[in-house]
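Q: Need a 3D model of the sequence below.
(2 chains)
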Amino acid sequence: MKEPLNHRLGRREFLELTLGWCAAFFALSASAMAAVRFMIPNVLYEPDRRFKALKPEDYPEGATFIPETRVFLLRKGNSFRAVSAVCTHLGCTVNQSPDRKGFHCPCHGSQFDENASVVGGPAPHGLPWLLVAQSPDGRIVIDASQQVKADKYLVI
Amino acid sequence: MFQNLFKSIAANRVIRSIFRVGVPRSNLQRAQAAISSFLLHVQPAKVHKNVLKFRTTLGLGLITLYLFIILVVTGILLMFYYVPSTEHAYQDMKDLEFVVTAGLVLRNMHRWSAHLMVIFVILHLCRVFYTGAYKAPREFNWVIGVGLFLVTLGLSFTGYLLPWDQLAFWAVTVGTSIAGYAPVVGNKIKYMLLGGNIVGQSALLRFYVLHVIVLPSIAFFMISVHLFRVRKDGGLARPEEPTALQKEHILSQLPQSKTYGLMELARGTTPAVGIRQEDEVFTWPHLIFREMLLFLLVSSVVLLLAIFWNAPLEEAANAIHPPNPAKAPWYFLGLQELVAYSAFWGGVVVPTLVVTALVALPYIDRKRHGVGVWFSKERKVAITLFSICLIAAISLTVIGSLFRGPNWAFQLPWKTVPSEEFHP
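A: Residues are numbered from 1 along each chain as shown, chains lettered A, B, ... in the order given. Next comes the predicted model:
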């Protein structure tokens, strides 16, 4: 079929083209969205972020690192609190600073004071305080998935 | 005697059915040799003399391609022993080192070619910039090249999670956290990359699939388009190309009845018939010989590196304690240095700006002068700006690699503090 050079788009042709392109667009974008959604898992098989620690009297004064949940459990007399050891900058594990008064990150040099607020380095905000509770059998339970305000202590 | 043997082999019917032309003896056969072979026909039958000069490209693009080929071959071989599981991955590295015949050499070759490929992609990018070879009509091929640079970095990044050692684990923890700083979709991207919230089994499997099939396929496709366009955009950039008008004039002078199959008569800036024919030489044997020689050289260097230096393997991944200092491989240390100032500005904004600037470069710098000439004096401004950015990138990398000690504190390389042990 030979088409004239200055071919004008008729109504029928216009509707056909519009319908065709719209159908192709929706089919492609729906498939793309489904593929992206497929890549986001619905069920995770990750370790529990709650951890049942020892009894309060088993912990010394100061900070104890709990590797299972990557937190520091801090004791001051009768009061306990837990601070996340996951740096808020890029996820490395922070260490206690040599003077034992704060924390510092080995990856990019973020520094936190004893209340876990940022005092130096690139970290955007302080280390979160995490929920500490006592279970009926007297042992300490840390829930790393639950953040609490930075003044909440568990007083035994 | 050998001559006769060789001749009878070349004349064999089976051999002739495979290599139709045989050993080319005439110019016609030389042209046919290049055209009738699937692998050789990627190149034109004749190329401009400047293609043969080492100075034109320093062979950088071709070296990068050869490294990619070595990486594909060694990578496929390594896949026969490697299991992408958090329980097996590190042990498989040890097996490759101590149990598998030639396993260590193959892993070393894979690692050193990967490092070399990053170096040569960057050098190739610099060559194309400093010779002005990204200018019209090659703008889009430059964009594909920038894409290939990113894919190369992606391949390196996904590749070094696989040994599941300390470097792997913490580099990926840091890298995916940087992705998390991207505005709006950052955390979703991070979740999708890791297939969860932690760097664990799903992350390892995802990086493995990306590394062995997704990214290599993308790279293969883009390399094909890249090479195809080198030809379609008129071969390697060279100075004083005849203008389109001159070419039209020459084309109009040619008799209409003749066809020029071997000469690539085409519109645009492709080499056209009648334009300085005397400057063109046959691809076979001139170019093919040089390409083979370069391949021999590249594979020998990689093999020597692999025999004398072992690829690093740190302790098995420990999800609790990062090493101190925790450093990424050298090509990401410039980025890590930036990230140590601010994760958002250094990890998201600066890289986005750099990539945007690289992609936009040929569309901003549209002046036609200095094409195919090293450090053309007519391009002073562009060359100065690019060089400043390049020096900044190199300085950041040097600072990140040599001047940073435990806790990312500044240190002088000749006064290194021993790495700090973890103390809770």
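Q: tell me, how many neighbours does the closest residue to chain A within the stretch 251-400 of chain B end up with?
A: Ranking the residues of the stretch 251-400 of chain B by distance to chain A (C-beta to the nearest C-beta) places residue B:324 first, at 3.5 Å. C-beta here means a position set from N, CA and C on the backbone, and glycine is covered the same way. For residue B:324, the neighbour count with other C-beta atoms under 10 Å in any protein chain shown is 21.
Q: is it true that it touches residue B:406?
A: Yes: between residue B:324 and residue B:406 a contact is recorded at 4.8 Å, counting by C-beta atoms under 8 Å.
Q: returning to that earlier point: so the residue of the stretch 251-400 of chain B closest to chain A: helix, strand or coil?
A: coil (DSSP: H, G, I helix; E, B strand; the rest coil).
Q: Those residues of chain B touching chain A, which are they?
A: B:170, B:173-174, B:176-178, B:188, B:191-192, B:195-198, B:200-202, B:320-326, B:336, B:339-344, B:406-409, B:420, B:422-424 (C-beta under 8 Å from any C-beta of the partner chain).
Q: Filter the residues you listed down to the buried ones.
A: With burial judged by 16 or more other C-beta atoms under 10 Å in any protein chain shown, the buried subset of the residues of chain B next to chain A is B:170, B:173-174, B:176-178, B:191-192, B:195-196, B:198, B:200-202, B:321-326, B:336, B:339-340, B:342-344, B:406-408.
Q: Any stretches of the stretch 101-250 of chain B with poor pLDDT?
A: Filtered on pLDDT under 70, the stretch 101-250 of chain B yields the residue ranges B:240-248, B:250.
Q: where exactly do the helices run in chain A?
A: According to DSSP state H, chain A carries its helices in the segments A:11-38.
Q: just the strands in it please.
A: For chain A, strands defined by DSSP state E occupy the ranges A:50-52, A:62-66, A:71-76, A:79-84, A:95-96, A:103-104, A:111-112, A:118-120, A:129-134, A:140-148, A:154-155.
Q: How far away from the center of its chain is the last one?
A: Which is strand A:154-155. What separates the centre of strand A:154-155 from the centre of its chain is 26 Å, taken as C-alpha atoms, centre = their mean, to the nearest Å.
Q: Can you get me a residue count around residue B:119?
A: Neighbours around residue B:119, by other C-beta under 10 Å: 15.
Q: what about residue B:188, which helix or strand?
A: helix B:186-194 (DSSP states H and E).
Q: what's next to that helix, contact-wise?
A: For helix B:186-194, contacts defined as C-beta atoms under 8 Å, 6 or more residues apart in numbering or on different chains pick out A:36, A:39-40, B:176-177, B:179-180, B:182, B:197, B:200, B:202-203, B:206, B:348.
Q: Now tabulate the residues you listed in TSV and tack on secondary structure and distance to residue B:54.
A: Converted to TSV, these look like this (DSSP: H, G, I helix; E, B strand; the rest coil; distance: C-beta to C-beta, whole Å):
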residue	secondary structure	distance to residue B:54
A:36	helix	47
A:39	coil	46
A:40	coil	51
B:176	helix	42
B:177	helix	44
B:179	helix	41
B:180	helix	46
B:182	coil	42
B:197	coil	52
B:200	coil	49
B:202	helix	48
B:203	helix	44
B:206	helix	42
B:348	helix	40
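Q: re the thing from before, so how far is the helix holding residue B:188 off the chain centroid?
A: That offset, for helix B:186-194, works out to 27 Å (C-alpha atoms, centre = their mean).
Q: Make sure residue B:103 is actually in contact with residue B:95.
A: Yes: in this structure residue B:103 lies within contact range of residue B:95 using C-beta under 8 Å: 7.0 Å.
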